[in-house]
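> sharing a model that was predicted from the sequence below.
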Amino acid sequence: MGVVALACRAAVAVLLVAAGGAKLADLAGFAATVRQFWPARMWPGAARRVAAAIAAAELALGAASLAWPRARWAGLGVLALSAGFVIVAVAGYRWHRGRPCRCFGALSNREFSLAGIGRAGLVALAAAVALAPAGSLFTRLSLPGRLGLLAGALLVALAARAAAASLAAVSAPQAGRQGVS
């Protein structure tokens with residue numbers, strides 16, 4: 001079970017890092033999704049800050065979960081974030097069905113749907129499995145090992161950000177052309 005838990009932990013952590021990096025490339029687009037759930041009259045202009053905080057939380061928790069696989073706090077944080085995704089997926093399906101979720105910024109054009117609820121549920125399930133003890137043999141890391149994992153997380157985030165930015169740049173002119181015809 002330890003290997004399965006560690007694999008789930010790594011998979012969810014890399015997923016979070018990639019999602020956080022992609023959201024940073026399209027913060028305005030993700031803020032538009034956040035705005036659907038945020039009462040504007042309560043705190044005007046907060047959607048962009050909330051979107052940035054969500055992306056930062058994904059990056060931080062994903063990187064921490066990778067570099068400190070025995071840190072229970074990181075696993076619990078990832079589980080809480082994953083549970084939040086399930087709640088948002090259900091609420092989005094209920095009130096915003098068919099609208100884009102932008103869960104991976106411009107890297108994904110998925111909408112709030114039943115399949116989205118299923119995907120969020122699988123991520124939360126993997127995050128729960130990741131809390132199982134993995135054994136010290138698999139999780140003993142030296143400082144250079146931790147730094148290497150943090151560098152890897154940074155590379156994944158930067159690659160996702162670059163890919164999302166490139167895709168957004170290519171998609172924007174095409175969307176404009178579609179409206180002209």
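Looks like it arrived, so ask away.

> pull the helix or strand with minimum mean pLDDT from the chain.
The weakest-scoring helix or strand in the chain, judged by mean pLDDT, DSSP states H and E, is helix 136-139 (a mean of 61).

> whichever helix or strand comes after that helix: which residues count as buried?
Downstream of helix 136-139, the next assigned helix or strand under DSSP states H and E is helix 143-180. Across helix 143-180, burial judged by 16 or more other C-beta atoms under 10 Å covers 149, 153, 156-157, 160-161, 163-165, 167-168. Just so you know, the C-beta spots here come from the backbone N, C-alpha and C atoms, and that holds for glycine as well.

> of the residues you listed, closest to Gly77?
Closest approach to Gly77 among the buried residues of helix 143-180 (C-beta to C-beta): Ala153, at 14.7 Å.

> might one say that that closest one is in contact with Gly62?
Yes - the pair Ala153 / Gly62 is scored as a contact, 6.3 Å apart, by C-beta atoms under 8 Å.

> which neighbours do these two have in common?
Common neighbours of Ala153 and Gly62, counting by C-beta atoms under 8 Å, 6 or more residues apart in numbering, are 13-14, 17.

> reformat the buried residues of helix 143-180 as TSV; add pLDDT and distance to Phe37.
Formatted as TSV, the buried residues of helix 143-180 follow (pLDDT from 0 to 100; distance: C-beta to C-beta, whole Å):
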residue	pLDDT	distance to Phe37
Leu149	90	33
Ala153	93	27
Val156	93	27
Ala157	93	24
Ala160	92	23
Arg161	92	23
Ala163	91	26
Ala164	88	21
Ala165	88	25
Leu167	84	24
Ala168	77	22
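
> what is the nearest of these to Ala28?
Using C-beta to C-beta, the buried residues of helix 143-180 come closest to Ala28 at Ala168, 9.7 Å.

> nearest residue to that closest one other than its sequence neighbours?
Ala106 (3.8 Å; C-beta to C-beta, 6 or more residues apart in numbering).

> what about the one you found, distance to Arg9?
Separation of Ala106 from Arg9 (C-beta to C-beta, to the nearest Å) stands at 27 Å.

> Leu24 touches Ile54, doesn't it?
No - between Leu24 and Ile54 there is no contact under C-beta under 8 Å: 10.4 Å.
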